[in-house]
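*Asks:* Show me the folded form of this:
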Amino acid sequence: MTSNLRTPLLCAVGLALVVLTAGSSEAQPAPADQAALKAGMGANMMADRQKMMAAMKASEKKLDDLVAAMNQAKGSEKVDRVAAVVTEMVAQHREMHKRMMSGGMMMQMPQPAPAATIPVPAAPGADADDHAVHHPKP
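*Replies:* Predicted coordinates:
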C-alpha cells in the first residue's frame with residue numbers, strides 16, 4: 001500500500017474509533033451514576049429483606065402462639081388446636097412457595113455455576129451397559 005492511500009485510511013479508522021468511543025460513553029452512565037444506581041438498588045434490596053424478615057418473624061410468632069395454645073388445650077379442644085396449627089403451617093408453606101416461584105427469593109439467592117460436562121469415552125471392548133464405560137481404568 002502506498003503512503004498516499006495509507007494516510008487517509010488511517011485517518012478514517014481513527015475517526016471511526018473516536019465516533020464509536022464517543023457513542024459508547026454516552027450510552028453508559030458515568031461511574032458516579034453507577035455507584036448511585038447500585039446504592040439505590042442496595043437500599044431497595046435491604047428494605048425488601050427487612051420487610052421479608054419482619055414477615056417471617058410475625059409468621060413464627062403466630063405459629064408459636066398456636067402451638068402454645070395447642071399444648072395448653074385439653075380434650076376435644078386439643079383436636080381443634082392441632083387443626084389450627086396444621087392449617088397455619090400449610091398456609092405459611094404455600095405463601096413461602098408462592099414467593100419463591102414469583103422470584104422474590106430466587107433473585108436474592110446466588111445461582112450455582114453450571115457444571116462442566118466432559119464426555120468420557122468408552123473403554124475399548126466395553127459394552128454400553130458396562131460400568132467401565134463410566135469409569136474406565138487408567
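*Asks:* so after the longest helix along the chain, what's the next helix or strand?
*Replies:* For the chain, the longest helix by residue count, based on DSSP state H, is helix 31-72. Counting by DSSP states H and E, the element after helix 31-72 in chain order, helix or strand, is helix 76-101.
*Asks:* hang on, the earlier thing: and the longest helix of the chain, what does it pack against?
*Replies:* helix 76-101 (3 or more C-beta pairs under 8 Å, 6 or more residues apart in numbering; DSSP states H and E). (Glycine included, C-beta is placed from N, CA and C.)
*Asks:* now the helix it packs on against helix 31-72, angle please.
*Replies:* 160 degrees (axes from the mean of the first three to the mean of the last three C-alpha atoms, to 10 degrees).
*Asks:* Quick one: list the elements packing against helix 76-101.
*Replies:* By 3+ C-beta pairs under 8 Å, 6+ apart, helix 76-101 packs against helix 31-72.
*Asks:* Show me where this protein dips below the pLDDT cut-off.
*Replies:* 1-41, 104-138 (pLDDT under 70).
*Asks:* please redo it, this time with the cut-off set to 90
*Replies:* 1-52, 96, 98-138 (pLDDT under 90).
*Asks:* Just give the number of residues close to Arg81.
*Replies:* Residues lying near Arg81 (other C-beta atoms under 10 Å) number 18.
*Asks:* Please tell me how far it sits from Ala47.
*Replies:* 36 Å (C-beta to C-beta, to the nearest Å).
*Asks:* And for Arg99?
*Replies:* 16 Å.
*Asks:* So between these two, which is more surrounded?
*Replies:* Arg99 (14 against 10).
*Asks:* To what extent is Met52 buried, counted in neighbours?
*Replies:* 14.
*Asks:* Check the one 10 residues further on too.
*Replies:* Neighbour count for Lys62, taken as other C-beta under 10 Å: 13.
*Asks:* Ala83 now?
*Replies:* 11.
*Asks:* swap in the one 5 residues further on?
*Replies:* A count of neighbours around Glu88, defined by other C-beta under 10 Å, yields 16.
*Asks:* dump the residue contacts of it.
*Replies:* Lys62, Leu63, Leu66 (C-beta atoms under 8 Å, 6 or more residues apart in numbering).
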